[in-house]
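J.: Sharing a model that was predicted from the sequence below.
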Amino acid sequence: MAAISAVGLTKSYGDKAVLRGIDLSIPAGTVFALLGPNGAGKTTTVEILSTLVPADGGSVRVAGHDVVREADGVRKAIGVTGQFSAVDNLLTAEENLLLMADLNHLRRREGRRRAEELLRRFDLTEAARKPVVTFSGGMRRKLDLAMTLVGDPEVIFLDEPTTGLDPRSRRTMWEIIRGLVADHGVTIFLTTQYLEEADQLADRIAVLDGGRIVAEGTAEELKRFVPGGRIRLQFADAGQLDAAATLFEYATADEEALRLDIPGDNSVVTVKAVLDALDNASVRAESLVVETADLDDVFLQLTGEGAR
């Protein structure tokens, strides 16, 4: 069953077409990442799927509900964490969570139980009664996500949730997101500009550019969209490097680093062929590293100037 599905989604602001026919089908209990440069339409997509903004055309269903005819049903089933923290700086962490419990119409006892549970899960118990204005960026983002979970949503939209966080706080958020899916079966719709984040978290990834999805698949499938694999050989001296360079027509030599890069598909057959060529010519390499294309290569190839 698709937790999120969209067919022919379009949106324009004046003469500017932001979305030009988006199709999505995201299975329940998975992490889906939407990548794209600034202005590609990522936030607009989240706003439409979460009922914040109406689409101009197309049909959308979230958690089994039509976003137009059953908007209230969608809102009850989702949680949204935007690019900017929505916590109240003048309240404590506990007060923010209790306020969200009231907005979700939870009984007072249930609201307190839920707040205590979330403070514990997000390692915020010691800071529960401190004003949020004193929190670090990482603590604020954790509280922001905790507030999203007060209503126990089936689907969570995370719009660039780790923007501005240091690497340690970002990895903490990754672990929390993984836990939501693994332990609670939540569906995560993630937009991000951190390609490593999508690579680490997402079951499937779509690349959005110019209002259209230009590629979709697993991280490994997307990496095969673009050339970029190579075999990197390291040598002890320039003589061995020069001898190896004559063996491979399309290789690139770095005389200073004593390194030779050979384009290839990184298959076992190709690696063996390289080693056999070196052995037959009595050329000795100090090390061999096989490198594949990464999501950076995919992003640069499929968006902006790379796509054109």
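T.: That came in fine, so what should we check first?

J.: rest of the way, CA atoms for contacts and neighbours
T.: Noted.

J.: tell me, what residue is most central in the protein?
T.: Closest residue to the average C-alpha location of the chain: residue 198 at 3.0 Å, with CA atoms, centre = their mean.

J.: so that one sits in a strand?
T.: No: per DSSP: H, G, I helix; E, B strand; the rest coil, residue 198 lies outside any strand segment and is helix.

J.: Where does the prediction get shaky in the chain?
T.: 227-228, 265-266, 305-308 (pLDDT under 70).

J.: which residues in the stretch 201-308 of the chain form helices?
T.: For the stretch 201-308 of the chain, the helices defined by DSSP state H, counting those that start in this stretch cover 219-223, 238-245, 268-280, 295-302, 304-307.

J.: Which positions within the third one qualify as buried?
T.: Under the neighbour-count criterion of 16 or more other CA atoms under 10 Å, helix 268-280 has 271, 274, 278 buried.

J.: ok, back up a step: nearest to residue 258, out of the helices of the stretch 201-308 of the chain?
T.: Nearest to residue 258 among those is helix 238-245 (6.3 Å), distances taken as CA to CA.

J.: Summarise which helices and strands that closest one is packed against.
T.: Secondary-structure packing of helix 238-245 (3 or more CA pairs under 8 Å, 6 or more residues apart in numbering; DSSP states H and E): strand 252-254, strand 259-263.

J.: from memory residue 42 sits against residue 33, does it?
T.: No: taking contacts as CA atoms under 8 Å, residue 42 lies outside contact range of residue 33: 10.1 Å.

J.: And the two? Which one has more around it.
T.: For residue 42 versus residue 33, neighbours defined as other CA atoms under 10 Å are more numerous around residue 33 (27 against 24).

J.: so is that one in a helix, a strand, or just coil?
T.: strand.

J.: In contact with it, which residues are there?
T.: Neighbour list for residue 33: 189-192, 198, 202-206 [criterion: CA atoms under 8 Å, 6 or more residues apart in numbering].

J.: hmm, 10 Å instead?
T.: By CA atoms under 10 Å, 6 or more residues apart in numbering, the contact set of residue 33 is 158-159, 188-193, 195, 197-199, 201-207, 216, 218.

J.: and if you look at residue 224?
T.: Residue 224 neighbours (CA under 10 Å, 6+ apart): 265, 292-295, 298.

J.: Recalculate using a threshold of 6 Å.
T.: With contact set as CA atoms under 6 Å, 6 or more residues apart in numbering, residue 224 has no partners.

J.: So it versus residue 172, what's the distance?
T.: 29 Å (CA to CA, to the nearest Å).

J.: now do residue 142
T.: 9 Å.

J.: Okay, helices next: where are they in the stretch 1-150 of the chain?
T.: 42-49, 71-77, 93-103, 108-121, 137-148.

J.: By residue count, what's the longest helix in the chain?
T.: helix 167-184 (DSSP state H).

J.: coming back round to it: please identify the most buried of the helices and strands packed on helix 238-245.
T.: Of all those, strand 259-263 has the most neighbours on average by mean count of other CA atoms under 10 Å, namely a mean of 22.

J.: Noted, bye for now.
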